[in-house]
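1. using only what follows, build the 3D model:
(one chain, ligands or ions: 1)
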Amino acid sequence: MNVERGFLWGASSAPLQVEGNNVSSDWWAREESIPGMVASGDAIDSYHRYPEDMRLLADAGLNAYRFGIEWARIEPRQGQISRAQLAHYRRMIDTARNLGLTPVVTLHHFTSPQWFAELGGWMAADAVDHFVRYVRTVIPILDEVEWVATINEPNMMTMMIEMARAAESGELPEWQSPTVEGAVQPLLPIPDPQVGRRFVEAHHAVRDLIRDATGAKVGWTVANQALTATPGNEAKHLEIQYALEDLYLEAARGDDFIGVQAYSSQQVDENGLVPHAPHPDNTLVGTSYRPDALGMAVRHTWDVTGGVPILVTENGIASGDDARRIDYTSGALRGLFSAMADDVDVRGYLHWTALDNYEWGHWEPTFGLIAVDRETFERTPKPSLAWLGDVARRGGLPA
Ligand code: IFM
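-> Residues are numbered from 1 along each chain as shown. Next up is the predicted model:
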């Protein structure tokens, strides 16, 4: 299959994972309060090196880049707005556009200012008001941005918050990101729907504001686990699927797009999520090698949202073997194209991730199309970057 012109082909990133020194964020404070947690530090210094990062993507043939604005940089203290940081993110938008990359801008990707966390975080009575004020502050720099994602993976963020609380209180013996399977995380906590509904409220509170002021397409991005039921456990599957995904997908009805983020598939039995079985093919985050997860996630999202246009805002594999990345992505794209052939409206594919980066307390899982030397910050494109650029130029997979 060949996609139409205008289809977005790109890669994604998130501020804390790439910028470095997000010292006013709650994550930075968390790195100190959770014993033994591996810190983000300089990350990969994309705060300064973003022009080089974007140029590598554009030169390879991609036409889009998803990156985020860090609230904690814009408002490091409550009510204190940094004009310099607003200008920084506007320069990022301009740089992307000048390179021919369509910017897809995320307004919140897991991290908040530390002052917001100290006021009680997302469950505080005035949390949504604070978020709305932040969004109003950034709206003036979003001029000419066509795609805005309000909140990234609200469903994973509920787990991130819960797991951080458990690690801080000592209930978890050590930090483990919900994005990484490991010894201390045999099963993910099912997201608390009360917290989920708060994120829905926040998303809906800013959706029209951004749309009306900028004309951008506005949506949010949801993590999909491509869940399936083991025989006889269909009811449990639906229950878990609702708490993990559908609550958030239903909230996207009325959005301009929905961001689909899929990596692997997981089963549900009578006890809930079944941990990924150990297997030599498992990825560096412990999940099963399932390129078909993307097609499953896209079809599920299309059904639950009732036909909201889809942008794949994340899909990729944590692997040290770049040939594996190409193999995985080929399979994922085949599933995506098959869904599109069945009339699912997909507007683009953004790979996770542009550069190897900080995986929420871990450095080992490498998802990038570009390797980074963490001492010198030197960037080295992997063959998968040229491969994806070639797919973008052709508008489809090589024969
Ligand atoms: O790195 C994360 C990202 O921040 C959110 N989605 C999943 C990615 C890979 O685990």
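
2. can you give me how far the one helix or strand L56 maps to is from the chain middle?
-> The secondary structure element spanning L56 is helix 46-60 (assigned by DSSP states H and E). When distances are taken as CA atoms, centre = their mean, to the nearest Å, helix 46-60 is centred 19 Å away from the chain's centroid.

3. is the ligand contacted by it?
-> No - using CB under 6 Å from any ligand atom as the criterion, no contacts between helix 46-60 and the ligand are found, and the smallest distance is 13.8 Å. Where you see a C-beta, it was placed from the backbone N, CA and C, and this is true even at glycine.

4. output that helix as CSV, nothing but the C-alphas.
-> Provided in CSV are the C-alpha atoms of helix 46-60 (Å, rounded to 0.1, in the frame of the first residue of the first chain):
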residue,chain,number,x,y,z
SER,A,46,18.5,18.0,23.2
TYR,A,47,17.6,21.2,24.9
HIS,A,48,20.6,22.7,23.1
ARG,A,49,21.0,20.2,20.3
TYR,A,50,17.5,20.1,18.9
PRO,A,51,18.4,21.8,15.6
GLU,A,52,20.9,18.9,14.9
ASP,A,53,18.3,16.3,16.0
MET,A,54,15.7,17.8,13.7
ARG,A,55,18.1,18.1,10.8
LEU,A,56,19.0,14.4,11.0
LEU,A,57,15.3,13.5,10.8
ALA,A,58,14.6,15.9,7.9
ASP,A,59,17.8,14.9,6.0
ALA,A,60,16.7,11.2,6.2
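
5. partners of the following helix or strand past that helix in the sheet?
-> Reading on from helix 46-60 to the C-terminus, the next helix or strand found by DSSP H and E is strand 64-68. Taking DSSP bridges as the criterion, strand 64-68 sits next to strand 8-12 (parallel), strand 102-106 (parallel) in its sheet.

6. pull out the buried residues from the helix holding L56.
-> When neighbours are counted by 16 or more other CB atoms under 10 Å, the buried residues of helix 46-60 are found to be S46, Y47, R49, Y50, D53, M54, L56, L57, A58, A60.

7. for the strands paired with strand 64-68, which one ends up most surrounded?
-> strand 8-12 (a mean of 26; mean count of other CB atoms under 10 Å).

8. any idea which of the strands paired with strand 64-68 gets closest to the ligand?
-> Each of the strands paired with strand 64-68 was checked against the ligand via CB to the nearest ligand atom, and the shortest separation belongs to strand 8-12, namely 8.0 Å.

9. other residues contacting that closest one?
-> Among residues not part of strand 8-12, those counted as contacts by CB atoms under 8 Å, 6 or more residues apart in numbering are 57, 61-67, 101-102, 104, 147, 311, 313-314, 347-354, 369, 388-389, 391-392.

10. correct me, but L294 touches N315?
-> Yes - here L294 lies in contact with N315, judged by CB atoms under 8 Å, at a distance of 5.0 Å.

11. these two: which is more packed in?
-> Using other CB atoms under 10 Å, the more surrounded residue of L294 and N315 is L294, with 31 against 26.

12. give me the contact list for whichever strand or helix holds the more buried one.
-> With secondary structure defined by DSSP H and E, L294 is part of helix 293-305. Contacts of helix 293-305 with the rest of the structure, by CB under 8 Å, 6+ apart, involve 222, 224-226, 245-246, 249-250, 252-253, 255, 258, 260-265, 308, 310, 312, 315, 332-336, 338-339, 342, 344-346.

13. just the buried residues out of those, in PyMOL syntax.
-> A single PyMOL command is used to select the members of those judged buried by 16+ other CB under 10 Å:
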select buried, resi 222+224+225+226+245+246+249+252+255+258+260+261+262+263+264+265+308+310+312+315+332+333+335+336+339+344+346
